[in-house]
Each structure stands twice: as structure tokens, then as C-alpha cells.
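[1] Sequence and predicted structure are below.
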Amino acid sequence: MKDINFLKENNVDVNKCLELFGDIETYNETIKEFQKSMDGKLDKLESYYEDGDMANYAIYAHSLKSDCKYFGFIKLASIAYEHEMKGKANDIAFVRANFDSFMEEAKKVKGIVNEYLWDATETEALYENVEAKVPEEPEQLCEDIILVADDSEVIRIFVKKIFDADYELAFAHDGQEALKIIREHEEDGRIKAVLLDLNMPKVDGFEVLDYMTQANLLTKMPVTIISGDSSKDAIDRAFTYNIVDMLNKPFNEVKIKQAVEKTIANVKSQY
């Protein structure tokens with residue numbers, strides 16, 4: 001793995017990253033997940049671009065934007081945000097005129113990440129077929145669940161690092177998975193907080209909120225929105241539901257701890 005100065009030389013906003021991740025070790029571990037997930041997101045963007053499906057194109061542009069903000073790739077985050085907005089507006093002409101330059105910048109970022117992690121990547125490849133003894137996971141004593149519904153693997157890894165010792169964590173990649181988990185726990189009261197992204201594939205966060213409202217679950221499973229979409233319309237619409245709070249990405253460890261404590265305190269006040 002290269003020195004952190006390699007990132008700075010390639011215009012990565014390292015100082016901002018460390019404000020979010022807390023230390024370079026956490027950054028290094030989490031950027032490996034970004035490296036693994038990036039190809040899949042770019043493949044999805046290309047597929048939806050070719051199909052002219054701007055709604056889903058915007059969702060994956062949003063997801064890429066959020067991850068790039070976390071890891072300091074500000075230029076690509078800015079480009080992805082523009083494509084997200086144009087996708088939501090169904091501006092196919094803009095997307096077609098600028099798609100190649102978008103992908104070119106994404107390839108540059110991939111190259112920077114791959115070079116930064118090159119030693120670690122090669123070491124993992126050498127041992128990927130070697131059977132390793134997996135330590136037994138400690139017994140999970142807490143039955144309280146935090147549900148994290150977000151299509152970003154990076155967000156899920158970050159949340160797991162912070163809360164895994166104190167809560168059972170349930171993860172949903174999209175709104176459809178979130179609804180499945182919510183329905184499974186409607187009666188047992190184990191879900192104490194829901195961290196819900198608004199922009200997800202298949203079923204979005206607003207559809208999840210619609211279901212929870214109709215099923216009278218928002219007082220039993222309080223929701224805090226986690227979203228990189230800070231548009232006034234989205235914020236106003238989110239607060240028409242009985243949510244606890246909204247946490248804008250990118251967030252750091254202190255902010256998400258405060259948000260979760262506030263959300264859980266809300267459900268406790270119901271009993």
C-alpha cells in the first residue's frame with residue numbers, strides 16, 4: 001500500500017476523509033470495499049445508460065457520488081451529482097453528451113485506488129485460495145436491531161464498525177429488502193432504529209416510509225433518514241412523515257452515534 005501522500009498528490013481530499021473516518025487505518029480498510037464495489041456500480045450505470053432508464057441511472061449516480069465524497073474524490077463526486085440531477089430530470093441529451101467524460105473520470109479514480117492499494121491487493125490474491133481458519137463469532141447478546149437500508153456498501157461497512165459490538169445489525173441493499181426485514185419484525189419489537197436512504201434501487205425510501213406509515217410502524221421502528229440528497233423538495237417531503245431526523249452524507253462517527261441515540265430514545269419514549 002502506498003503512502004498517504006500518494007493520495008494527496010492525486011488531489012484526494014485526505015484531510016476531509018480523516019475527519020469522517022477518524023484514522024487512516026479505517027480509511028484504508030473501507031476503501032477496499034469501495035474498490036470492490038466500483039466496477040458493479042459503473043456496470044449498472046452503463047447498462048441503464050444504454051437502456052435509457054434515467055430513473056435507475058440517477059440512483060446509481062447518486063450512490064457513486066456519496067462514496068466518492070467519503071473517499072475524497074471530489075471531482076468525480078461533482079460529476080456524478082450532475083448526472084444524478086440530469087437523470088432525475090430525464091435529460092437524456094445531457095447524459096449522452098457527457099457520459100464518456102463521466103466514465104473517463106471514473107477510470108482515473110479506479111486507477112488511483114488500485115495503485116494506492118496495489119500491495120494489499122496482490123497479497124490478498126496470493127492467499128485467496130488458501131483455506132484460513134475463521135474465528136468463531138462472539139455470541140450476540142443484544143437482541144435490539146438497527147436496520148440500515150442503503151445501497152452503498154461503504155456506508156454499511158462504516159456503520160458496522162461503529163455499532164457491531166452493541167447491536168445486531170440488519171442491512172438492506174434496497175427498499176425491497178428493507179420492507180422484507182421490517183415485515184419480519186413488525187410484531188417482535190426488536191428493530192429499535194431504522195437508518196433509511198431515500199435513493200435506492202427497486203423500491204426507494206419514500207415507498208418504505210409510505211408502508212411504515214400505513215402499517216403504523218413509525219412509532220415502533222423510528223426512522224432517521226440518511227441521504228446525500230439535500231434538495232429542499234426532498235427534505236420537505238421527508239419531514240411530512242413522522243421521522244426522527246435527517247442525517248446528510250457524508251457523516252462522521254460522532255454524528256451518526258448522535259443520530260442513532262436520538263432515534264432509539266424516540267422509540268423508548270413510546271412505552
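    Alright, I've got the coordinates. Just so we're clear, the structure is a prediction, and the values are computed from it rather than from any experiment.
[2] all strands for this structure, in order.
    Listed in chain order, the strands of the chain (DSSP state E) span 145-149, 168-172, 191-196, 223-227, 245-248.
[3] low-scoring stretches of the stretch 101-250 of the chain, by residue?
    In the predicted model of the stretch 101-250 of the chain, residues 119-142, 229-230 satisfy pLDDT under 70.
[4] want to try JSON lines for the strands of the chain, with distance to Ala77 and mean neighbour count as columns?
    All C-beta atoms are positioned from the backbone trio N, CA, C, and that covers glycine. Shown next, in JSON lines, are the strands of the chain (distance: least, Cβ to Cβ, whole Å; neighbours: other Cβ atoms under 10 Å):
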{"stretch": "strand 145-149", "distance to Ala77": "21", "mean neighbour count": "24"}
{"stretch": "strand 168-172", "distance to Ala77": "23", "mean neighbour count": "19"}
{"stretch": "strand 191-196", "distance to Ala77": "21", "mean neighbour count": "26"}
{"stretch": "strand 223-227", "distance to Ala77": "15", "mean neighbour count": "24"}
{"stretch": "strand 245-248", "distance to Ala77": "14", "mean neighbour count": "17"}
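[5] between these, which one is nearest to Lys32?
    Set against Lys32 and scored by Cβ to Cβ, those come closest in strand 168-172, at 17.6 Å.
[6] what are the pairing partners of that closest one, and which direction each?
    strand 145-149 (parallel) (DSSP bridges).
[7] Who are the contact partners of the closest residue to Lys249 other than its chain neighbours?
    With Cβ to Cβ, 6 or more residues apart in numbering as the criterion, Lys249 has its nearest non-adjacent residue at 4.1 Å, and that residue is Gly228. Gly228 makes contacts with 62, 65-66, 69, 199, 248-250, as judged by Cβ atoms under 8 Å, 6 or more residues apart in numbering.
[8] Can you show me the helices along this structure?
    For the chain, helices defined by DSSP state H occupy the ranges 4-9, 14-21, 24-51, 54-71, 74-88, 92-116, 118-127, 153-163, 175-184, 205-214, 232-238, 253-268.
[9] wait, Ala77 sits on Lys65?
    Yes - between Ala77 and Lys65 there is a contact under Cβ atoms under 8 Å: 5.0 Å.
[10] which of the two has more neighbours?
    Applying other Cβ atoms under 10 Å to Ala77 and Lys65 shows that Lys65 carries more neighbours, namely 25 against 22.
[11] Grab the nearest non-local neighbour of that one.
    Ala80 (3.8 Å).
[12] any idea of the pLDDT on the one you found?
    We have a pLDDT of 96 for Ala80.
[13] wait, it sits on Lys69?
    No - using Cβ under 8 Å, Ala80 is not in contact with Lys69; the gap is 9.2 Å.
[14] neighbour-wise, which of those two wins?
    Each of Ala80 and Lys69 has its neighbours counted (other Cβ under 10 Å); Ala80 has more, 27 against 23.
[15] you'd agree Ala170 is up against Ile146?
    Yes - counting by Cβ under 8 Å, Ala170 does reach Ile146; the two are 7.3 Å apart.
[16] what number of residues lie near Tyr116?
    21.
[17] what's the closest non-adjacent residue to it?
    Closest to Tyr116 by Cβ to Cβ, 6+ apart is Lys2, at 5.0 Å.
[18] Could you do Thr26 as well?
    Lys161 (6.7 Å).
[19] Specify the stretch among the helices of the chain that is closest to Ala193.
    helix 253-268 (4.1 Å).
[20] what's the angle from that closest one to helix 153-163?
    Relative orientation of helix 253-268 and helix 153-163, computed by axes from the mean of the first three to the mean of the last three Cα atoms, to 10 degrees: 70 degrees.
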